[in-house]
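Engineer: Let's see this in three dimensions:
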Amino acid sequence: MPSARGVPALRPEGSAQVTSPWGTLAVAGTDREHYAFGYPYILMPDLGSSAVTDALIEENYFPILPLAVGLTVGEDTGSAVVTQLLTTSEASYSKADGYAMETYDWEEGDAEGPFALAVSVEDDSGGQIVWFTSDQFLTDDYNALSSGADQDLVMNALSSLIGEDEAMAIRSRSLSYNYLTISAAAASTLQVLMIGVFPLLFLGTGIYIVLKRRQMQHGAV
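Structural biologist: Numbering: from 1, shown residues only. Modelled structure (predicted):
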């Protein structure tokens, strides 16, 4: 991956200003609701309302974008309309060292979020592109872990590009998609409940029932 940083990745004259710092890597920071499997670089971004994403939002499907680059959309978009399809949270930041980073924590030189991880750009001349910043999210593993949401997102984007609006939907699921993907924060909460709270609750209930029965037996005597 190139090491240059702060280079405009998409900035055609008179069109949208969307910049991508090459060689960087977006991480979720301390926001455990926006990453999965305990790794801050496996992002669970927020979905912005659009023809590409609305079907996923309605069905509560969440795409997973690993190893993504954070995009910055400028205020001056010229004659183009830029729609941010996927965005990180306010707690996110972009690691300047990219794949060479030694810590997930924020360091001096890291850019603060939020960022766009996918954008749709439409020009008044009729041109349109959809840009996803991860090249890993369509692998079989990540697509399966998202229950097919990653594939649906791309298929909806392709349908938008060719003007087939009626084709943008949630497609039939393979029986192999049997994953429940939750954020790191939800996983931690479930661990506390299953390992600590529920066993103590059952234990306390059992002790109460035993003591209650003993009181009843003593009362009967």
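
Engineer: any idea what sits nearest residue 146, other than its immediate chain neighbours?
Structural biologist: Computed as Cβ to Cβ, 6 or more residues apart in numbering, the closest residue to residue 146 that is not its neighbour in sequence is residue 64, at 4.4 Å. In short, each C-beta sits where N, CA and C put it, glycine included.

Engineer: The one you found touches residue 145, doesn't it?
Structural biologist: Yes - counting by Cβ atoms under 8 Å, residue 145 is a contact partner of residue 64 at 5.9 Å.

Engineer: and these two? which has more neighbours close in?
Structural biologist: Here residue 64 and residue 145 are compared on neighbour count by other Cβ atoms under 10 Å; more neighbours surround residue 64, at 25 against 21.

Engineer: Name all residues that make contact with the more buried one.
Structural biologist: Residue 64 is in contact with 36, 42, 43, 44, 137, 142, 145, 146, 149, 150, 181, counting by Cβ atoms under 8 Å, 6 or more residues apart in numbering.

Engineer: How about the secondary structure of residue 214?
Structural biologist: Recorded secondary structure, residue 214: helix (DSSP: H, G, I helix; E, B strand; the rest coil).

Engineer: Could you tell me how many residues sit around it?
Structural biologist: By other Cβ under 10 Å, neighbour count at residue 214 equals 10.

Engineer: cool, residue 218 as well?
Structural biologist: By other Cβ under 10 Å, neighbour count at residue 218 equals 8.

Engineer: residues contacting it?
Structural biologist: Residue 218 touches nothing, counting by Cβ under 8 Å, 6+ apart.

Engineer: for the protein, what are the low-confidence residue spans?
Structural biologist: Residues of the chain that meet the criterion pLDDT under 70 lie in 1-23, 165-184, 219-221.

Engineer: Domain map for it?
Structural biologist: 18-167, 184-221 (automatic domain parsing).

Engineer: Single out the most deeply packed of those domains.
Structural biologist: Comparing the domains of the chain by mean neighbour count (mean count of other Cβ atoms under 10 Å), domain 18-167 ranks first with a mean of 19.

Engineer: chain center to that domain: distance?
Structural biologist: 7 Å (Cα atoms, centre = their mean, to the nearest Å).

Engineer: Using the three-state scheme, assign residue 68.
Structural biologist: coil.

Engineer: That one against residue 134, yeah?
Structural biologist: Yes - between residue 68 and residue 134 there is a contact under Cβ under 8 Å: 4.0 Å.

Engineer: what's the nearest residue to residue 84 once chain neighbours are set aside in contact with, if anything?
Structural biologist: Sequence neighbours aside, residue 116 is the residue nearest to residue 84 in space, at 4.3 Å (criterion: Cβ to Cβ, 6+ apart). Under the criterion of Cβ under 8 Å, 6+ apart, the neighbours of residue 116 are 18, 70, 71, 72, 73, 84, 85, 86, 87, 133.

Engineer: Run through the bridge partners of residue 116.
Structural biologist: residue 71, residue 87 (DSSP bridges).

Engineer: From residue 72, how far out is it?
Structural biologist: To residue 72, residue 116 is 7 Å away according to Cβ to Cβ, to the nearest Å.

Engineer: Residue 84 belongs to a strand?
Structural biologist: Yes - under three-state DSSP, residue 84 sits within a strand.

Engineer: Mind listing the shared neighbours of residue 68 and residue 134?
Structural biologist: Common neighbours of residue 68 and residue 134 (Cβ under 8 Å, 6+ apart) are residue 117.
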